[in-house]
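J.: Build me a model from this:
(one chain, ligands or ions: 3)
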Amino acid sequence: MIVCHSILSLRETVQAYRKSGNKIAFVPTMGNLHSGHIQLVHEAKKVADVVISSIFVNPMQFGPNEDLDAYPRTLEADKEKLTDAGCQVLFAPNASEMYPNGTGVQTQVIVPELTDELCGASRPGHFTGVSTVVTKLFNIVQPDIALFGQKDFQQLAVIRKMAADLCMPIEIIGISTVRAASELALSSRNGYLTEQELATAPTLYRTLVQIKDAIEAGSKDFDTLCHQGNSALASAGFKPDYLSVRRQSDLKHATANDDQLVILAAANLGSARLIDNIAFALNQN
Ligand SMILES: Nc1ncnc2c1ncn2[C@@H]1O[C@H](COP(=O)(O)OP(=O)(O)OP(=O)(O)O)[C@@H](O)[C@H]1O
Ligand SMILES: CC(C)(CO)[C@@H](O)C(=O)[O-]
Ligand code: BAL
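T.: Ligands and ions are numbered 1, 2, ... in the order given. Purely as a prediction, here's the structure:
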(Lines give C-alpha, C1' and ligand atoms only; values in the text may rest on other atoms or scores of the structure.)
(Ligands and ions follow the chains in the order given, each with its own letter.)
Protein backbone atom coordinates (compact mmCIF):
# COMPACT_ATOMS: atom_id res chain seq x y z
CA MET A 1 0.00 0.00 0.00
CA ILE A 2 1.28 3.46 -0.92
CA VAL A 3 1.13 5.88 2.03
CA CYS A 4 0.97 9.61 1.26
CA HIS A 5 1.21 12.26 3.94
CA SER A 6 1.15 15.29 1.63
CA ILE A 7 -1.53 16.53 -0.75
CA LEU A 8 1.08 16.79 -3.51
CA SER A 9 2.22 13.17 -3.24
CA LEU A 10 -1.39 11.95 -3.05
CA ARG A 11 -2.26 13.93 -6.19
CA GLU A 12 0.73 12.47 -8.07
CA THR A 13 -0.22 8.94 -7.00
CA VAL A 14 -3.86 9.39 -8.04
CA GLN A 15 -2.81 10.91 -11.38
CA ALA A 16 -0.75 7.80 -12.22
CA TYR A 17 -3.73 5.54 -11.47
CA ARG A 18 -6.03 7.81 -13.50
CA LYS A 19 -3.73 7.70 -16.54
CA SER A 20 -4.22 3.93 -16.65
CA GLY A 21 -8.01 4.47 -16.72
CA ASN A 22 -8.73 3.10 -13.26
CA LYS A 23 -12.00 3.71 -11.43
CA ILE A 24 -11.28 5.10 -7.97
CA ALA A 25 -13.27 4.54 -4.76
CA PHE A 26 -12.60 6.54 -1.61
CA VAL A 27 -13.15 5.56 2.04
CA PRO A 28 -12.56 8.49 4.43
CA THR A 29 -12.00 7.63 8.09
CA MET A 30 -10.60 9.00 11.32
CA GLY A 31 -8.55 5.82 11.88
CA ASN A 32 -8.46 3.35 14.79
CA LEU A 33 -9.88 0.97 12.25
CA HIS A 34 -12.31 -1.84 13.06
CA SER A 35 -14.31 -4.31 10.97
CA GLY A 36 -16.87 -1.60 10.09
CA HIS A 37 -14.20 0.43 8.31
CA ILE A 38 -12.76 -2.69 6.68
CA GLN A 39 -16.23 -3.58 5.37
CA LEU A 40 -16.25 -0.20 3.61
CA VAL A 41 -12.94 -1.11 1.95
CA HIS A 42 -14.27 -4.54 0.91
CA GLU A 43 -17.37 -2.91 -0.61
CA ALA A 44 -15.18 -0.30 -2.31
CA LYS A 45 -13.11 -3.04 -3.93
CA LYS A 46 -16.27 -4.50 -5.48
CA VAL A 47 -17.10 -1.24 -7.29
CA ALA A 48 -13.70 0.18 -8.28
CA ASP A 49 -10.21 -0.77 -9.47
CA VAL A 50 -8.37 1.31 -6.90
CA VAL A 51 -9.33 1.94 -3.28
CA ILE A 52 -7.98 5.01 -1.53
CA SER A 53 -8.60 5.47 2.17
CA SER A 54 -7.82 8.46 4.37
CA ILE A 55 -7.06 8.70 8.06
CA PHE A 56 -7.43 12.16 9.49
CA VAL A 57 -8.74 13.10 12.92
CA ASN A 58 -10.36 16.31 11.74
CA PRO A 59 -10.09 19.03 14.42
CA MET A 60 -12.77 21.09 12.69
CA GLN A 61 -15.55 18.64 13.54
CA PHE A 62 -14.79 18.44 17.28
CA GLY A 63 -16.34 20.87 19.77
CA PRO A 64 -14.14 22.58 22.39
CA ASN A 65 -15.07 20.10 25.13
CA GLU A 66 -15.02 16.97 22.97
CA ASP A 67 -12.48 14.16 22.66
CA LEU A 68 -10.10 15.47 19.95
CA ASP A 69 -7.01 14.88 22.11
CA ALA A 70 -8.19 11.54 23.50
CA TYR A 71 -9.32 10.19 20.10
CA PRO A 72 -7.37 6.93 19.51
CA ARG A 73 -4.54 7.22 16.97
CA THR A 74 -3.23 3.83 15.85
CA LEU A 75 -1.63 4.50 12.45
CA GLU A 76 0.72 1.49 12.30
CA ALA A 77 -2.01 -1.05 13.14
CA ASP A 78 -4.39 0.73 10.75
CA LYS A 79 -1.87 0.48 7.88
CA GLU A 80 -1.66 -3.29 8.39
CA LYS A 81 -5.45 -3.69 8.37
CA LEU A 82 -5.82 -1.59 5.22
CA THR A 83 -3.04 -3.50 3.46
CA ASP A 84 -4.66 -6.82 4.39
CA ALA A 85 -8.01 -5.56 3.07
CA GLY A 86 -6.42 -4.69 -0.28
CA CYS A 87 -6.52 -0.89 -0.01
CA GLN A 88 -3.96 0.44 -2.50
CA VAL A 89 -3.41 3.99 -1.20
CA LEU A 90 -3.63 5.63 2.22
CA PHE A 91 -3.76 9.40 2.61
CA ALA A 92 -2.75 10.32 6.16
CA PRO A 93 -2.15 14.07 6.37
CA ASN A 94 -1.50 16.04 9.54
CA ALA A 95 -3.56 19.04 10.61
CA SER A 96 -1.18 21.63 9.13
CA GLU A 97 -1.29 19.88 5.75
CA MET A 98 -5.10 20.10 5.74
CA TYR A 99 -5.39 23.49 7.46
CA PRO A 100 -2.14 25.40 6.78
CA ASN A 101 -3.70 28.64 8.09
CA GLY A 102 -5.64 27.00 10.94
CA THR A 103 -9.31 26.06 11.06
CA GLY A 104 -10.48 29.56 12.10
CA VAL A 105 -9.97 31.07 8.64
CA GLN A 106 -10.90 27.95 6.66
CA THR A 107 -13.61 28.47 4.02
CA GLN A 108 -16.63 26.51 5.22
CA VAL A 109 -19.13 24.26 3.49
CA ILE A 110 -22.47 24.63 5.26
CA VAL A 111 -25.28 22.18 4.52
CA PRO A 112 -28.56 23.76 5.70
CA GLU A 113 -31.58 22.14 7.39
CA LEU A 114 -30.27 18.60 7.84
CA THR A 115 -27.56 19.76 10.22
CA ASP A 116 -29.54 21.71 12.83
CA GLU A 117 -31.09 18.77 14.67
CA LEU A 118 -30.12 15.43 16.23
CA CYS A 119 -26.29 15.31 16.39
CA GLY A 120 -26.17 18.83 14.93
CA ALA A 121 -28.13 20.21 17.91
CA SER A 122 -25.82 18.74 20.52
CA ARG A 123 -22.61 19.21 18.50
CA PRO A 124 -22.85 22.76 17.08
CA GLY A 125 -20.52 23.19 14.10
CA HIS A 126 -19.85 19.46 13.87
CA PHE A 127 -21.42 18.92 10.46
CA THR A 128 -19.83 22.05 9.01
CA GLY A 129 -16.50 20.53 10.06
CA VAL A 130 -17.46 17.24 8.42
CA SER A 131 -18.76 18.72 5.15
CA THR A 132 -15.79 21.07 4.88
CA VAL A 133 -13.19 18.34 5.39
CA VAL A 134 -15.02 15.88 3.14
CA THR A 135 -15.15 18.53 0.39
CA LYS A 136 -11.41 19.10 0.77
CA LEU A 137 -10.75 15.34 0.73
CA PHE A 138 -12.97 14.93 -2.35
CA ASN A 139 -11.07 17.72 -4.12
CA ILE A 140 -7.74 16.17 -3.20
CA VAL A 141 -8.60 12.55 -4.10
CA GLN A 142 -11.16 13.24 -6.87
CA PRO A 143 -12.74 9.79 -6.58
CA ASP A 144 -15.49 8.37 -8.79
CA ILE A 145 -17.21 6.81 -5.77
CA ALA A 146 -17.10 7.46 -2.01
CA LEU A 147 -18.36 5.08 0.67
CA PHE A 148 -19.75 5.97 4.09
CA GLY A 149 -21.30 3.94 6.90
CA GLN A 150 -25.01 4.06 7.71
CA LYS A 151 -24.04 4.00 11.39
CA ASP A 152 -23.52 7.74 10.93
CA PHE A 153 -26.93 8.07 9.26
CA GLN A 154 -27.23 11.84 9.57
CA GLN A 155 -23.66 12.31 8.31
CA LEU A 156 -24.44 10.17 5.25
CA ALA A 157 -27.56 12.28 4.55
CA VAL A 158 -25.54 15.49 4.90
CA ILE A 159 -22.86 14.24 2.50
CA ARG A 160 -25.44 13.06 -0.05
CA LYS A 161 -27.10 16.50 0.03
CA MET A 162 -23.78 18.32 -0.15
CA ALA A 163 -22.61 16.25 -3.14
CA ALA A 164 -25.95 16.79 -4.93
CA ASP A 165 -26.26 20.52 -4.12
CA LEU A 166 -22.68 21.26 -5.17
CA CYS A 167 -22.84 19.06 -8.29
CA MET A 168 -19.92 16.93 -7.14
CA PRO A 169 -19.36 14.21 -9.77
CA ILE A 170 -19.04 11.50 -7.12
CA GLU A 171 -21.37 8.58 -6.43
CA ILE A 172 -22.06 8.30 -2.69
CA ILE A 173 -22.66 4.77 -1.40
CA GLY A 174 -23.96 3.97 2.09
CA ILE A 175 -22.93 0.71 3.76
CA SER A 176 -24.89 -1.20 6.44
CA THR A 177 -23.69 -0.98 10.02
CA VAL A 178 -21.32 -3.73 11.10
CA ARG A 179 -22.14 -4.97 14.62
CA ALA A 180 -20.44 -7.00 17.34
CA ALA A 181 -21.98 -10.34 18.33
CA SER A 182 -23.85 -8.39 21.04
CA GLU A 183 -25.33 -6.23 18.21
CA LEU A 184 -23.49 -3.17 19.50
CA ALA A 185 -22.54 -1.06 16.47
CA LEU A 186 -18.77 -1.13 16.03
CA SER A 187 -17.30 2.29 16.74
CA SER A 188 -13.87 3.60 17.61
CA ARG A 189 -15.42 5.25 20.66
CA ASN A 190 -16.43 1.84 22.06
CA GLY A 191 -12.79 1.74 23.15
CA TYR A 192 -13.63 4.30 25.85
CA LEU A 193 -16.05 1.84 27.54
CA THR A 194 -15.18 -0.16 30.63
CA GLU A 195 -16.00 -3.88 30.66
CA GLN A 196 -19.20 -3.16 32.58
CA GLU A 197 -20.22 -0.39 30.19
CA LEU A 198 -19.52 -2.69 27.24
CA ALA A 199 -22.07 -5.12 28.68
CA THR A 200 -24.62 -2.29 28.94
CA ALA A 201 -23.91 -0.69 25.54
CA PRO A 202 -26.00 -3.12 23.39
CA THR A 203 -29.11 -1.78 25.20
CA LEU A 204 -28.94 1.20 22.83
CA TYR A 205 -29.62 -0.93 19.76
CA ARG A 206 -32.08 -3.17 21.63
CA THR A 207 -34.10 -0.07 22.52
CA LEU A 208 -34.23 0.92 18.85
CA VAL A 209 -35.37 -2.60 17.91
CA GLN A 210 -38.13 -2.48 20.56
CA ILE A 211 -39.44 0.80 19.17
CA LYS A 212 -39.28 -0.54 15.61
CA ASP A 213 -41.21 -3.65 16.70
CA ALA A 214 -43.88 -1.51 18.36
CA ILE A 215 -44.25 0.65 15.23
CA GLU A 216 -44.45 -2.43 13.03
CA ALA A 217 -47.15 -3.76 15.37
CA GLY A 218 -49.20 -0.63 14.64
CA SER A 219 -48.20 2.01 17.19
CA LYS A 220 -48.15 5.53 15.77
CA ASP A 221 -47.48 7.33 19.05
CA PHE A 222 -43.82 7.92 18.29
CA ASP A 223 -43.37 10.47 21.08
CA THR A 224 -44.52 8.06 23.80
CA LEU A 225 -42.39 5.25 22.38
CA CYS A 226 -39.32 7.50 22.41
CA HIS A 227 -40.13 8.76 25.90
CA GLN A 228 -40.31 5.14 27.13
CA GLY A 229 -37.10 4.31 25.26
CA ASN A 230 -35.27 7.21 26.91
CA SER A 231 -36.45 6.02 30.33
CA ALA A 232 -35.19 2.50 29.58
CA LEU A 233 -31.82 3.90 28.50
CA ALA A 234 -31.55 6.07 31.61
CA SER A 235 -32.42 3.08 33.84
CA ALA A 236 -29.66 1.07 32.15
CA GLY A 237 -27.11 3.78 32.99
CA PHE A 238 -27.05 5.91 29.81
CA LYS A 239 -27.44 9.69 29.66
CA PRO A 240 -29.74 9.90 26.63
CA ASP A 241 -29.20 12.79 24.22
CA TYR A 242 -31.88 12.17 21.58
CA LEU A 243 -34.13 9.34 20.48
CA SER A 244 -36.38 10.17 17.57
CA VAL A 245 -38.44 8.62 14.77
CA ARG A 246 -37.74 10.42 11.50
CA ARG A 247 -38.40 10.16 7.79
CA GLN A 248 -35.46 8.64 5.96
CA SER A 249 -35.69 11.12 3.08
CA ASP A 250 -35.11 14.41 4.92
CA LEU A 251 -34.78 13.44 8.62
CA LYS A 252 -37.88 15.46 9.50
CA HIS A 253 -40.11 14.15 12.31
CA ALA A 254 -42.10 11.20 11.02
CA THR A 255 -45.88 11.40 10.88
CA ALA A 256 -48.41 8.55 10.89
CA ASN A 257 -48.50 8.74 7.08
CA ASP A 258 -44.78 8.14 6.54
CA ASP A 259 -43.57 4.66 5.70
CA GLN A 260 -39.80 5.02 5.12
CA LEU A 261 -38.64 5.50 8.69
CA VAL A 262 -35.44 5.70 10.66
CA ILE A 263 -35.13 5.71 14.44
CA LEU A 264 -32.01 7.54 15.55
CA ALA A 265 -30.43 7.71 18.98
CA ALA A 266 -27.43 9.21 20.72
CA ALA A 267 -26.57 8.62 24.35
CA ASN A 268 -23.59 8.96 26.63
CA LEU A 269 -22.32 5.94 28.47
CA GLY A 270 -19.37 6.60 30.76
CA SER A 271 -17.03 8.79 28.72
CA ALA A 272 -18.32 7.58 25.34
CA ARG A 273 -20.96 9.25 23.21
CA LEU A 274 -22.62 6.42 21.28
CA ILE A 275 -24.91 6.77 18.28
CA ASP A 276 -26.99 4.18 16.47
CA ASN A 277 -30.03 3.95 14.22
CA ILE A 278 -32.36 1.53 12.54
CA ALA A 279 -33.93 2.25 9.15
CA PHE A 280 -36.96 0.33 7.92
CA ALA A 281 -39.93 0.46 5.59
CA LEU A 282 -43.45 0.10 6.98
CA ASN A 283 -45.85 -2.03 5.01
CA GLN A 284 -48.89 0.30 4.97
CA ASN A 285 -51.42 -2.29 3.66
N1 LIG B 1 -19.92 -0.18 12.57
C2 LIG B 1 -19.77 0.40 11.39
N3 LIG B 1 -20.26 -0.19 10.28
C4 LIG B 1 -20.13 0.41 9.06
N5 LIG B 1 -19.50 1.59 8.86
C6 LIG B 1 -18.99 2.21 9.94
C7 LIG B 1 -19.08 1.65 11.25
N8 LIG B 1 -18.46 2.48 12.11
C9 LIG B 1 -18.01 3.53 11.38
N10 LIG B 1 -18.32 3.36 10.08
C11 LIG B 1 -18.06 4.29 8.99
O12 LIG B 1 -16.66 4.45 8.82
C13 LIG B 1 -16.39 5.76 8.34
C14 LIG B 1 -15.36 6.38 9.22
O15 LIG B 1 -15.91 6.54 10.52
P16 LIG B 1 -15.07 6.85 11.80
O17 LIG B 1 -13.61 6.78 11.48
O18 LIG B 1 -15.58 8.07 12.47
O19 LIG B 1 -15.37 5.56 12.69
P20 LIG B 1 -16.24 5.37 13.94
O21 LIG B 1 -15.94 4.04 14.48
O22 LIG B 1 -17.64 5.74 13.56
O23 LIG B 1 -15.68 6.41 14.95
P24 LIG B 1 -16.46 7.21 16.05
O25 LIG B 1 -16.45 6.36 17.24
O26 LIG B 1 -15.62 8.42 16.10
O27 LIG B 1 -17.84 7.54 15.56
C28 LIG B 1 -17.71 6.53 8.38
O29 LIG B 1 -18.29 6.52 7.08
C30 LIG B 1 -18.53 5.69 9.33
O31 LIG B 1 -19.94 5.80 9.12
C1 LIG C 1 -16.32 11.38 7.26
C2 LIG C 1 -15.22 11.67 8.26
C3 LIG C 1 -13.98 10.87 7.93
C4 LIG C 1 -14.86 13.17 8.11
O5 LIG C 1 -13.85 13.52 9.01
C6 LIG C 1 -15.68 11.43 9.71
O7 LIG C 1 -16.73 12.24 10.06
C8 LIG C 1 -16.00 9.98 9.96
O9 LIG C 1 -15.01 9.25 10.18
O10 LIG C 1 -17.16 9.57 9.94
N1 BAL D 1 -18.04 9.03 12.89
C2 BAL D 1 -18.40 10.42 13.09
C3 BAL D 1 -17.23 11.26 13.42
C4 BAL D 1 -17.38 12.05 14.67
O5 BAL D 1 -18.13 11.64 15.57
O6 BAL D 1 -16.76 13.09 14.81
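
J.: now the closest residue to ligand 3 within the stretch 101-250 of the chain, what's its secondary structure?
T.: Proximity of the stretch 101-250 of the chain to ligand 3 (Cβ to the nearest ligand atom) peaks at Asp152, 4.7 Å away. For the C-beta atoms, the positions are set from N, CA and C on the backbone; glycine is no exception. Asp152 falls in the helix class when you classify it by DSSP: H, G, I helix; E, B strand; the rest coil.

J.: and it, what is it in contact with?
T.: Applying Cβ atoms under 8 Å, 6 or more residues apart in numbering, we find Asp152 in contact with Ile275.

J.: Same question for Val51.
T.: Contact partners of Val51, counting by Cβ under 8 Å, 6+ apart, are 24-27, 41, 44-45, 86-89.

J.: Same question for Gly125.
T.: Residues in contact with Gly125 (Cβ under 8 Å, 6+ apart) are 60-61, 63.

J.: What about the contacts of Val51, which one has the most neighbours?
T.: Val27 (31 neighbours; other Cβ atoms under 10 Å).

J.: Show me what the strand or helix carrying that one is packed against.
T.: Using DSSP states H and E, Val27 sits in strand 24-29. Using 3 or more Cβ pairs under 8 Å, 6 or more residues apart in numbering; DSSP states H and E, the elements in contact with strand 24-29 are helix 7-19, helix 35-47, strand 50-55, helix 126-141, strand 145-149.

J.: Let me see the residues that make contact with it.
T.: Strand 24-29 is contacted from outside by 14, 17-18, 37, 40-41, 44-45, 47-56, 87, 134, 137-138, 141-148, 170, using Cβ under 8 Å, 6+ apart.

J.: most tightly surrounded among the helices and strands packed on strand 24-29?
T.: strand 50-55 (a mean of 26; mean count of other Cβ atoms under 10 Å).

J.: Check the gap between Lys161 and Asp250 for me.
T.: 9 Å (Cβ to Cβ, to the nearest Å).

J.: Apart from its chain neighbours, what residue comes closest to Glu197?
T.: Nearest in space to Glu197, with sequence neighbours left out and distances taken as Cβ to Cβ, 6 or more residues apart in numbering, is Gly270 at 4.6 Å.

J.: Enumerate every residue touching the one you found.
T.: Applying Cβ under 8 Å, 6+ apart, we find Gly270 in contact with 192-194, 197.

J.: Would you convert those into CSV that also reports distance to ligand 2, pLDDT and neighbour count?
T.: Listed next are these as CSV, based on distance: Cβ to the nearest ligand atom, whole Å; pLDDT from 0 to 100; neighbours: other Cβ atoms under 10 Å:
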residue, distance to ligand 2, pLDDT, neighbour count
Tyr192, 16, 98, 18
Leu193, 19, 98, 19
Thr194, 24, 98, 12
Glu197, 22, 98, 17
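
J.: a markdown table for these, including secondary structure and distance to Ser9?
T.: Shown next, in a markdown table, are the contacts of Gly270 (DSSP: H, G, I helix; E, B strand; the rest coil; distance: Cβ to Cβ, whole Å):
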| residue | secondary structure | distance to Ser9 |
| --- | --- | --- |
| Tyr192 | helix | 33 |
| Leu193 | coil | 37 |
| Thr194 | coil | 41 |
| Glu197 | helix | 41 |
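
J.: and Val158, what are its phi and psi?
T.: Here is the backbone geometry of Val158 (degrees, to the nearest 10): phi -60, psi -40.
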